[in-house]
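Trainee: got a predicted model here, sequence first, then my questions.
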Amino acid sequence: MHRPRWSLAVFLSLWLLAGLLPAVAQAYDASAVFDAKAGTLPLLLTVSHDGADFLGLFPHRTKGVTVRDVGTRELAERVADHLEKQTGRRPYLVIAKVSRRQMDVNRAEVDAVESAGLLPAYRAYHEQVATYVAELRARFPSGALLIDVHGQSYEPATTFRGTRAGLTATRLVDRFGPAALQGSNSITGILAARGYGVHPLPDAPTLREEPRFAGGHTVFTYGSHRPDGIDAIQLEFGRQHRADARLPEDLASAIVGFMKHHGLATQ
């Protein structure tokens, strides 16, 4: 039987490639895996799942959701622009650039990646969020808010709130009661008055939330139930809402209305 013969050149090429793969896989700047901008409002917008970049040759995730939350980066950036138009001030922003297929920064470290080589990138993202949260606490002792911006297609015409049933906004609920999260002056309450479907419904009898969207790692890590946290709300915008050209301005108005009613500085 005739067997193919490996030429010396092919063998050497494969040997060199094998030696280069670890270096190629590690070749990234951990500080460049997200975009971050400091603001002047007591508000931090984070975006976890709209990245499209891949880092080296690290493996893709094989467990958990890997779908991109398309449009959430643009939504956060346009909301920031509308907030500046309405108040003269801008929110803080941290936006992950890496694809969720490779790294999910809204999961605990053990579930976020499938290669230890990606941990520096994951940790760099969270170090930036933690830095801004600490800065917000120092600058705005009367209170600050983190909104983690997500998208979902489970119910395209609904935006879901996630706070672990009020846990991650403990300070807010302690001061103003459940209405702070689902009353007429809450963010989702104001959106509902403008015609957007929301869950939980305004003035629902409990703070119980849809389990799929009840608040992920980000709000749980930085929420006000922790001594070094701030009030944190996850918002999962339905596909139809994200496609609505009115949403960025309406959401900015809802945030401003909420902040004014609840004593967060907007001027």
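Mentor: Received, thanks. Residues are numbered from 1 along each chain as shown.
Trainee: tell me the buried residues in stretch 245-261?
Mentor: 247-259, 261 (16 or more other Cβ atoms under 10 Å). Quick note: C-beta positions are derived from backbone N, CA and C, even for glycine.
Trainee: and the residue nearest to residue 242 when sequence neighbours are not counted, how far is that from residue 150?
Mentor: Once flanking residues are discounted, residue 242 sits nearest to residue 71: 4.3 Å by Cβ to Cβ, 6 or more residues apart in numbering. Residue 71 is 11 Å from residue 150, where distance means Cβ to Cβ, to the nearest Å.
Trainee: looking at these two, which has the bigger crowd around it?
Mentor: residue 150 (24 against 18; other Cβ atoms under 10 Å).
Trainee: quick check, residue 30 in contact with residue 118.
Mentor: No. Applying Cβ atoms under 8 Å as the test, residue 30 and residue 118 come out as separate, 9.2 Å apart.
Trainee: thinking again about what came up before, the residue nearest to residue 242 reaches residue 47, doesn't it?
Mentor: No. If you go by Cβ under 8 Å, residue 71 and residue 47 don't touch, sitting 10.1 Å apart.
Trainee: can I assume residue 225 is in contact with residue 170?
Mentor: Yes. Look at residue 225 against residue 170 with Cβ under 8 Å: they come within range, at 4.4 Å.
Trainee: all helices for this protein, in order.
Mentor: Taking DSSP state H to define them, one finds helices in the chain at 8-26, 72-87, 109-112, 119-139, 170-176, 179-182, 187-193, 217-222, 239-243, 247-261.
Trainee: turn those into a markdown table, columns for mean pLDDT and distance to residue 97.
Mentor: Putting the helices of the chain into a markdown table (pLDDT from 0 to 100; distance: least, Cβ to Cβ, whole Å) gives the following:
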| stretch | mean pLDDT | distance to residue 97 |
| --- | --- | --- |
| helix 8-26 | 42 | 18 |
| helix 72-87 | 98 | 9 |
| helix 109-112 | 96 | 15 |
| helix 119-139 | 97 | 9 |
| helix 170-176 | 98 | 30 |
| helix 179-182 | 97 | 30 |
| helix 187-193 | 98 | 26 |
| helix 217-222 | 98 | 16 |
| helix 239-243 | 98 | 19 |
| helix 247-261 | 98 | 20 |
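Trainee: give the contact list for the residue nearest to the spatial centre of the chain.
Mentor: The chain has residue 47 as the residue nearest its centroid, 3.2 Å off, counting by Cα atoms, centre = their mean. Shown in contact with residue 47 (Cβ atoms under 8 Å, 6 or more residues apart in numbering): 69, 72-73, 76, 93-96, 148-149.
Trainee: out of those, which one sits closest to residue 43?
Mentor: Using Cβ to Cβ, residue 93 is the member of the contacts of residue 47 that lies nearest residue 43, at 9.6 Å.
Trainee: neighbours of the residue nearest to that closest one when sequence neighbours are not counted, just the number please.
Mentor: Once flanking residues are discounted, residue 93 sits nearest to residue 37: 4.7 Å by Cβ to Cβ, 6+ apart. A count of nearby residues for residue 37, using other Cβ under 10 Å, gives 14.
Trainee: does residue 37 touch residue 84 like I think?
Mentor: No. Proximity of residue 37 to residue 84 does not meet the contact threshold set by Cβ under 8 Å, at 11.6 Å.
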